[in-house]
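# How does the following fold in three dimensions:
(chains A and B)
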Number of protein chains: 2
Amino acid sequence: MDFLNKEQKLIARFKALIGSSGRFIGDDCAVLPGKMLVTTDTLVEQTHFRLDWTNFVDLGWKAMSVNLSDIAAMAGTPKYALIVFSAPEKLYLSEEIISLYEGINSCARQYKTAIVGGDITRGANLSITITIIGQSHESGTLLRSTAQIGDVVVVSGDFGASAAALRLLQLNTEERTETVNATSSAFVIKHLQYEHCLQQFLRPNPKLEESWSLVEQTGNRGALMDTSDGLADALLQISQASNVGMQIDLHAIPIHEQTRRFAEANKIDPMELALYGGEDYQLVACLPENKWLDWQKESPIAANAFKKIGIVNDTKDIQLMFGNEAAYKLDPQRIFQHIS
Amino acid sequence: MDFLNKEQKLIARFKALIGSSGRFIGDDCAVLPGKMLVTTDTLVEQTHFRLDWTNFVDLGWKAMSVNLSDIAAMAGTPKYALIVFSAPEKLYLSEEIISLYEGINSCARQYKTAIVGGDITRGANLSITITIIGQSHESGTLLRSTAQIGDVVVVSGDFGASAAALRLLQLNTEERTETVNATSSAFVIKHLQYEHCLQQFLRPNPKLEESWSLVEQTGNRGALMDTSDGLADALLQISQASNVGMQIDLHAIPIHEQTRRFAEANKIDPMELALYGGEDYQLVACLPENKWLDWQKESPIAANAFKKIGIVNDTKDIQLMFGNEAAYKLDPQRIFQHIS
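Numbers count the residues shown, from 1 in each chain, chains lettered A, B, ... in the order given. Reported below is the predicted structural model:
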């Protein structure tokens, strides 16, 4: 229990309260009879987003995307979405809410998810809660708890970009003498050099297709989750749920050139951003080494969506290495805390 | 469109945006392939509840109950629930949140619903969003749009009690020199004469069993919804969705003796409370007269859970009568507005 933060301890108490149905809880989605997947997530103003950092269309896109990412984290297919808004008086039933809805809707369309209901209420702050109902892939359902010793650890893309964008926006807000917000063209032109980072933070894409090509290769024999709360958190969650350890080669963790440039310009360790940053919405998977090697031979394009960053071992720890040399230890207390 | 309020107009624009999947929207639940029902609803502090009017266990019960009421409104069976909390710093991960969860959990258990997931985040105000996944009854699914001319209009219980309790709490708050809140024993003893009203407002029960006995009698041949936004609203929604009118006998609308007493003591028309009050979480159903008569003969106990208050006709209006004499016209602009 010492690994658990306060939120995890509370969730443990909730699970004790609800008894047997707690078996559904612990992955990114609940897996229900009929191979139904369900997930729900909220974005709350000031906790998850700031309206001077995003426009409403992008905010809507992101709200849908981070929920779809939970379906991707189980290699499932999204089917239906329910949308709940709570909005302060000045936004309630406004054109901005229509823009928010347009963003949600365009992301839902892109990923073939039907919006089937919802609710709109007044509230002190803007919040968006989305529930997605999906279906497990016919090849299998990938849980967090099924990593095995000897598996390779692979990731679907680069890390730290979203965290770099968050810091860029924070710096911009602190320094702001100009009255530009993060979505104005003045801001965008000034920060065109960090476009990838801003895109990852403000308008991420769920890795659904990548998850399907993975599960077609592995079936149920692998572990998967998304990195919404950071790469470090994802590695810990998988290793705890699967009761295994990992050796991770920090050199192998993909970090975008813009993220490195931002880190250098601001004297931040890019590895800090990559490990503890959060909101990258990438996938981390563990799969048998032979399946990984076969996949690279048989479908190199699909396999190349993933990069190997380490192996699963029997240590119960996350050992961070630079090549063959031990680097520092992963700090389980440093969990990711969105914007606030 | 003139009948639509601002919220309904916005929903109409959302439906236009999302296109064909809008077909799922319009009832208390979305009815999805596989006869799956899904509904989601939020309770927001200051909009739907005040923490000086309720304790956390009752609040949790009510949050679950009002969502289960949406399943009852389709005569469905609830199966799974997802719970999202957004809580301010002082409540986040607190014992109060555990009490809230206990209330949700006890209501879920009572109505055989498994809690399978959720999310907890920080936010300026406390809000609780619950999503329920259910199953249509094997006898049929009752929509709002299937009332027919000649049907009888029946209701599952009394109206106006919740609205009386709301006014009692508002008066108590205005007059408060004493530092008692609505859940303290001092308050409860003082207002024991309105216990039914307070119970209906603070800890309502979803009319699930009543809905099942109804659908067993009618199959798909009837209309149903709950009265979360008031009896007047429910009658209007059914008549608009079914393209029919109704004649309602105001004398026949059940009003509890405590509600009448409160109305008299405070010089309010009890019919105002009953028609426009909201949050009664009763059912309003329309069913063929012969089925209604048969039901009363065959299962008088189950049938007696419902009272006839009117008939469906071809006028497109809601005609309010005192017996055979016209009373006033139902006012479609007076929609119910929770506590704020």
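# Please, where are all the helices along chain A?
Counting by DSSP state H, chain A has helices at residues A:6-18, A:56-72, A:95-110, A:161-175, A:185-190, A:195-202, A:208-218, A:231-242, A:257-265, A:270-276, A:289-298, A:300-303.
# For the first one, name the packing helices and strands.
Judged by 3 or more CB pairs under 8 Å, 6 or more residues apart in numbering or on different chains; DSSP states H and E, the packing partners of helix A:6-18 are helix B:95-110, strand B:114-122. Every C-beta, even on glycine, is put in place using the N, C-alpha and C of the backbone.
# To chain A, which of those lies closest?
strand B:114-122 (3.5 Å; CB to the nearest CB).
# What angle do helix B:95-110 and the closest one make with each other?
Interaxial angle, strand B:114-122 versus helix B:95-110 (axes from the mean of the first three to the mean of the last three CA atoms, to 10 degrees): 160 degrees.
# export strand B:114-122 as PDB, just CAs?
In PDB, the C-alpha atoms belonging to strand B:114-122 read as follows (Å, rounded to 0.1, in the frame of the first residue of the first chain):
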ATOM      1  CA  ALA B 114     -23.000  -2.900 -10.100                       C
ATOM      2  CA  ILE B 115     -20.600   0.100  -9.900                       C
ATOM      3  CA  VAL B 116     -18.000  -0.700 -12.500                       C
ATOM      4  CA  GLY B 117     -15.800   2.400 -12.800                       C
ATOM      5  CA  GLY B 118     -15.500   6.100 -12.500                       C
ATOM      6  CA  ASP B 119     -13.200   9.000 -12.100                       C
ATOM      7  CA  ILE B 120     -12.300  11.500  -9.300                       C
ATOM      8  CA  THR B 121     -11.000  15.000 -10.100                       C
ATOM      9  CA  ARG B 122     -10.500  18.300  -8.400                       C
END
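# Give the stretch among the helices and strands packed on helix A:6-18 with the greatest mean number of neighbours.
strand B:114-122 (a mean of 22; mean count of other CB atoms under 10 Å in any protein chain shown).
# Who are the packing partners of the longest strand that chain A contains?
Ordering each strand of chain A by length in residues (DSSP state E) puts strand A:77-87 first. In terms of contacts (3+ CB pairs under 8 Å, 6+ apart), strand A:77-87 is packed against helix A:56-72, helix A:95-110, strand A:114-122, strand A:127-135, helix A:208-218, strand B:30-32, strand B:36-44, strand B:127-135.
# Where does the prediction get shaky in the stretch 101-250 of chain A?
When residues are selected by pLDDT under 70, those of the stretch 101-250 of chain A lie in A:176-183.
# How about the residues of it by chain B?
Residues of the stretch 101-250 of chain A lying near chain B by CB under 8 Å from any CB of the partner chain: A:101-102, A:105, A:108, A:114-125, A:127, A:129, A:131, A:133.
# now with 7 Å?
A:101-102, A:105, A:114-125, A:127, A:129, A:131, A:133 (CB under 7 Å from any CB of the partner chain).
# picking up where we left off before, take the helices and strands packed on helix A:6-18 and write them to JSON lines, including distance to chain A.
Listed next are the helices and strands packed on helix A:6-18 as JSON lines, based on distance: least, CB to the nearest CB, whole Å:
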{"stretch": "helix B:95-110", "distance to chain A": "5"}
{"stretch": "strand B:114-122", "distance to chain A": "3"}
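# Turn the ones you listed into TSV, including distance to A:Lys291.
Shown next, in TSV, are those (distance: least, CB to CB, whole Å):
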stretch	distance to A:Lys291
helix B:95-110	40
strand B:114-122	29
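# In the stretch 151-300 of chain A, what residue comes closest to chain B?
A:Ser228 (10.9 Å).
# Touching, that residue and A:Tyr281? I think so.
Yes - at 6.0 Å, A:Ser228 and A:Tyr281 qualify as touching, with contact defined as CB atoms under 7 Å.
# Show me the common contact partners of the two, please.
Residues touching both A:Ser228 and A:Tyr281 (CB atoms under 7 Å, 6 or more residues apart in numbering or on different chains): A:66, A:69.
# Which of the two has more residues huddled nearby?
Between A:Ser228 and A:Tyr281, counted using other CB atoms under 10 Å in any protein chain shown, the more crowded position is A:Tyr281 (25 against 22).
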